[in-house]
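J.: Here's a sequence, model it:
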Amino acid sequence: MTGVELEAALADVADALRRARCVVALTGAGMSTDSGIRDFRGPQGLWTQNPGAERLATLQHYLADPEVRRRAWQARLQHPWDAQPSAAHRALAQLERLGRLSTLITQNVDGLHHLAGHAPERVIEIHGTLREFMCMQCGRRGPMREALERVRAGEADPACSHCAGILKSATISFGQALVAEDLERSQAAAAACDVLLALGSTLSVYPIAGIVPLAHSRGARIVTINAGPTEMDALSSPCIQGSLGECLPRVVELLSV
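T.: Take a look at the predicted model:
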């Protein structure tokens, strides 16, 4: 796509948002790469370069193997906790403030959409959040920083202080069901929207990727912006391969004209 073609496509997106009655956004790991948080399946992704790391995010292995849990806690310590929202995060939050975004569904667990200023009630963290821990036995939750302080103090695999159960991040691991209410809210939002923005995601992780064909089947316009191809390019108009940090701020500029 040439520069002229990209500008025309972004102007088309801005016009669609201007006319839309209800806009939903679905965001993936590509939203946060400019914030210093690596994606999982991209060329430089965590799991692409270290396939064994995926084991840490598999519930069966996490619950059964203390060594997996110890490695997972060390990985959490290395997370870039000082990461800040990118230009793409800020632009999406601006769309909400302009009244152009009804619901934000994110596959990300980093909490950066909240830091960018979105209204909490509009955000669905479909894969949970890394910023809290949870007990797999009693369900107790708390700030992740409390659990990490225990790890730094020498507890390699901290147990729940209430029931001695296994602690993990409040994220959805492989083999763990999504929160039914969050999935239902996401599906309802997709079914009701007339524009769905799919941003920074390959749209290959189900069941949440299924909201894209759902929205399309109800007559919504699908817009994809991602660094590379997605599984839903055939449904998208336009389908933009480019930088979210450049494209989304430009859409906001065009929308504000």
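J.: ok, the top strand by length along the chain: who's next to it in the sheet?
T.: Criterion DSSP state E: the longest strand present in the chain is strand 128-135. Strand pairing for strand 128-135, determined by DSSP bridges: strand 141-143 (antiparallel), strand 167-171 (antiparallel).
J.: Can you name the element that comes right after the helix or strand of the chain with the lowest mean pLDDT?
T.: Least confident helix or strand of the chain, by mean pLDDT, DSSP states H and E, is helix 46-49 with a mean of 54. As assigned by DSSP states H and E, the chain's next helix or strand after helix 46-49 is helix 59-64.
J.: so how far is that following helix off the chain centroid?
T.: Using CA atoms, centre = their mean, to the nearest Å, the mean C-alpha position of helix 59-64 is found 23 Å from that of the whole chain.
J.: tell me the mean pLDDT for it?
T.: Mean pLDDT, taken over the full extent of helix 59-64, equals 94.
J.: Check which helices and strands that helix sits against.
T.: Contact analysis of helix 59-64 by 3 or more CB pairs under 8 Å, 6 or more residues apart in numbering; DSSP states H and E lists helix 66-77 as its packing neighbours. (Each C-beta comes from the backbone N, C-alpha and C, glycine too.)
J.: what do you get if the cut-off is 10 Å, keeping everything else the same?
T.: Identification of packing neighbours for helix 59-64 by 3 or more CB pairs under 10 Å, 6 or more residues apart in numbering; DSSP states H and E yields helix 66-77, strand 167-171.
J.: Domain-wise, how is this structure divided?
T.: According to automatic domain parsing, the chain is divided into the following domains: 1-37+85-127+178-257, 40-79+128-171.
J.: Give me whichever of these is most buried.
T.: For the domains of the chain, ranked by mean neighbour count under the definition mean count of other CB atoms under 10 Å, the leader is domain 1-37+85-127+178-257 at a mean of 19.
J.: Would you mind measuring the gap between the ends of it?
T.: Start to finish, the residues bounding domain 1-37+85-127+178-257 are 24 Å apart (CA to CA, to the nearest Å).
J.: Could you pull out the helices in this protein for me?
T.: 3-19, 46-49, 59-64, 66-77, 87-97, 112-116, 144-152, 180-192, 211-217, 244-256 (DSSP state H).
J.: where does the stretch 51-200 of the chain dip in pLDDT?
T.: Regions of the stretch 51-200 of the chain meeting the criterion pLDDT under 70 cover residues 51-55.
J.: circling back to that earlier point, out of the helices and strands packed on helix 59-64, which comes closest to residue 202?
T.: For the helices and strands packed on helix 59-64, proximity to residue 202 was assessed by CB to CB; strand 167-171 is nearest, at 18.7 Å.
J.: orientation of the closest one relative to helix 144-152 in degrees?
T.: If you take axes from the mean of the first three to the mean of the last three CA atoms, to 10 degrees, strand 167-171 sits at 150 degrees to helix 144-152.
J.: State the distance from residue 87 to residue 171.
T.: Here the criterion is CB to CB, to the nearest Å. By it, residue 87 lies 25 Å from residue 171.
J.: Likewise for residue 245?
T.: Distance from residue 245 to residue 171, counting by CB to CB: 25 Å.
J.: still on that earlier bit, show me the one of the helices and strands packed on helix 59-64 that comes nearest residue 249.
T.: With CB to CB as the yardstick, what comes closest out of these is strand 167-171 (28.7 Å).
J.: residues making contact with that closest one?
T.: Residues from elsewhere that reach strand 167-171, judged by CB atoms under 10 Å, 6 or more residues apart in numbering: 56-57, 59, 62-63, 69, 72-73, 75-76, 79, 109, 125, 127-137, 140-142, 144, 147, 150, 155, 157-161, 176.
J.: one step back: mind putting the helices and strands packed on helix 59-64 into JSON lines with distance to residue 208?
T.: JSON lines is the format used below for the helices and strands packed on helix 59-64 (distance: least, CB to CB, whole Å):
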{"stretch": "helix 66-77", "distance to residue 208": "23"}
{"stretch": "strand 167-171", "distance to residue 208": "14"}
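J.: so which of these gets nearest residue 8?
T.: Here strand 167-171 is closest among those (CB to CB), at 38.9 Å.
J.: All set, thanks.
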